[in-house]
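Colleague: Build me a model from this:
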Amino acid sequence: MVMIFGFAGQFDKAIAMIEVMPSSNYLAVWIALLGSCRKWGNVKLGKLAFHQAIQLDDNIAAAYIVMANIYSEAGMQEDAEKVKAMTVNIAPWQKPGMSILVDVNGNLQSFSIGKVRMYI
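Modeller: Numbering: from 1, shown residues only. Okay, the predicted model is just below:
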């Protein structure tokens, strides 16, 4: 419901839904609200959602990416750069990609790419 209200631009109803929840410690709720803030350019509420999200999980790359985009789209390049800089030390490592092939003789061959660091 938070996402539905948020993407409809009804932030007061989205916040009211969060307030009546038994706990506001649900990362998905804050990420949904943050995405809504990006859609509507709501920097003030976006900051709140961003800070709540990173308090719950400071390795969630989506929060940093969306907040940097909110700042950029609002013309707040310095703030966007600060958020991007935060990702250098905490951006999560992605799992290596893997491809398994069967050759002509029936032998399995596997190949991995290795770890790749995510940056904005």
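
Colleague: Could you use CA atoms for every contact and neighbour count after this?
Modeller: Noted.

Colleague: Now do the helix or strand harbouring V66: everything it contacts.
Modeller: Using DSSP states H and E, V66 maps to helix 61-73. Residues from elsewhere that reach helix 61-73, judged by Cα atoms under 8 Å, 6 or more residues apart in numbering: 31, 34-35, 37-38, 41-43, 46-47, 50, 53-54, 77, 79-81, 83-84, 86-87, 91-92, 120.

Colleague: Identify those among those residues that sit within helices.
Modeller: 31, 34-35, 37-38, 43, 46-47, 50, 53-54, 77, 79-81, 83-84, 86-87 (DSSP state H).

Colleague: Could you tell me how far the closest residue in space to Q77 that isn't next to it in sequence is located from S36?
Modeller: Nearest residue to Q77, sequence neighbours excluded (Cα to Cα, 6 or more residues apart in numbering): Y71, at 6.4 Å. Noted for Y71: a distance of 14 Å to S36, by Cα to Cα, to the nearest Å.

Colleague: again with N59
Modeller: For N59, the distance to S36 - Cα to Cα - is 20 Å.

Colleague: So between the two, which is more surrounded?
Modeller: The neighbour count for N59 versus S36, taken as other Cα atoms under 10 Å, is higher for S36 (27 against 17).

Colleague: what residues are up against E81?
Modeller: For E81, the contacting residues are A68, by Cα under 8 Å, 6+ apart.

Colleague: Quick check: the gap between it and L48.
Modeller: With the distance defined as Cα to Cα, E81 ends up 18 Å from L48.

Colleague: same thing with I70?
Modeller: In this view, I70 and L48 are 12 Å apart by Cα to Cα.

Colleague: between these two, which one's more packed in?
Modeller: Ranked by neighbour count (other Cα under 10 Å), I70 and L48 place I70 first, with 26 against 13.

Colleague: Per-residue pLDDT of the more buried one, please?
Modeller: We have a pLDDT of 96 for I70.
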